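1. What follows is a protein structure lacking sequence information:
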Ligand SMILES: Nc1ncnc2c1ncn2[C@@H]1O[C@H](COP(=O)(O)OP(=O)(O)OP(=O)(O)O)[C@@H](O)[C@H]1O
Ligand SMILES: [Mg+2]
């Protein structure tokens, strides 16, 4: 079986080895899975997600995406644009662009014409219930609305994988619930693989599997072979 992601002995150091953020992480992620990653602050969750999104390179170990080495990719930006959608706790919208412009940004990596870009962005904003906020700037939107724009943007190029780093961390519990329902619905409709970092055990309960990390290592993973 070919995995979506496969990590073996994955390590990531910062500051010339003074910080060892990941210390030999091993896991496999299958197509269509909803994997939750939990663990205390500083245990390496964001670092791991950044490696999966090819935003950073491992120090050692191997990391494969559908059988191909991520660190060896000739064009990581192209991989991100074509395969990966990312959603962050702090939304990361560009403040001087409207909602519909923010959603179009990733589409500049593709062949779509200007009118196709606009049409697709409007469709995506509709699918997250924001058709009435197309021309609002991020500052004019609520936190939940901003995250919905960010989710629409993450889907701009029909990614097969969605990486979400505490996507509900800045929201009140009602908004958090709506955003999570939305992410899960979109995951199902688009048959994406979802990797979601969360501190919230009630969110992790909705996942098909939860990996727990401690101090740069995986402490528990239900799919890992039981050691003798
Ligand atoms: N660019 C960097 N330079 C130096 N150290 C870093 C860098 N990024 C992360 N670290 C360190 O690596 C460790 C793991 O950080 P990471 O952001 O992955 O933690 P996390 O599990 O996402 O924590 P949180 O739950 O607080 O978001 C931390 O000790 C952090 O201080
Ligand atoms: Mg983090």
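-> Arrived safely. Just so we're clear, the structure is a prediction, and the values are computed from it rather than from any experiment. Ligands and ions are numbered 1, 2, ... in the order given.

2. Report the central residue of this structure.
-> With distances taken as CA atoms, centre = their mean, residue 163 lies nearest the centre of the chain, 1.3 Å away.

3. Kindly list the main-chain dihedrals of that one?
-> Dihedral pair for residue 163: phi -110, psi 120, per degrees, to the nearest 10.

4. isn't it right next to residue 87, touching?
-> Yes: when contacts are counted by CB atoms under 8 Å, residue 163 is listed as touching residue 87 (7.4 Å). C-beta: built from backbone N, CA, C; applies to glycine.

5. element containing residue 13, please.
-> strand 5-14 (DSSP states H and E).

6. Mind giving me the packing neighbours of that strand?
-> Here strand 5-14 touches strand 19-29, helix 45-52, strand 60-65, going by 3 or more CB pairs under 8 Å, 6 or more residues apart in numbering; DSSP states H and E.

7. Tabulate these (TSV), appending mean pLDDT.
-> Below are the helices and strands packed on strand 5-14 laid out as TSV (pLDDT from 0 to 100):
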stretch	mean pLDDT
strand 19-29	97
helix 45-52	98
strand 60-65	97
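
8. Please identify the most buried of those.
-> When these are scored by mean count of other CB atoms under 10 Å, the highest mean neighbour count falls to helix 45-52 (a mean of 22).

9. That helix near ligand 1 anywhere?
-> Yes: residues of helix 45-52 contacting ligand 1 under CB under 6 Å from any ligand atom: 45, 46, 47.

10. Name the nearest residue to residue 133, sequence neighbours excluded.
-> residue 99 (5.4 Å; CB to CB, 6 or more residues apart in numbering).

11. Neighbours of that neighbour, how many?
-> 29 (other CB atoms under 10 Å).

12. and what of residue 11?
-> 16.

13. Then residue 3?
-> Around residue 3 there are 17 residues (other CB under 10 Å).

14. Relative to ligand 1, how far out is it?
-> 22 Å (CB to the nearest ligand atom, to the nearest Å).

15. Also residue 175?
-> 20 Å.

16. got it, and residue 44?
-> 4 Å.

17. swap in residue 73?
-> From residue 73 to ligand 1 the distance is 21 Å (CB to the nearest ligand atom).

18. Please apply the same query to residue 77.
-> Shown here: residue 77 relative to ligand 1, a distance of 19 Å by CB to the nearest ligand atom.

19. Leaving out chain neighbours, which residue sits closest to that residue?
-> Once flanking residues are discounted, residue 77 sits nearest to residue 109: 7.4 Å by CB to CB, 6+ apart.

20. Dihedrals phi and psi, that neighbour?
-> Dihedral angles of residue 109 (phi, psi; degrees, to the nearest 10) stand at phi -80, psi -10.
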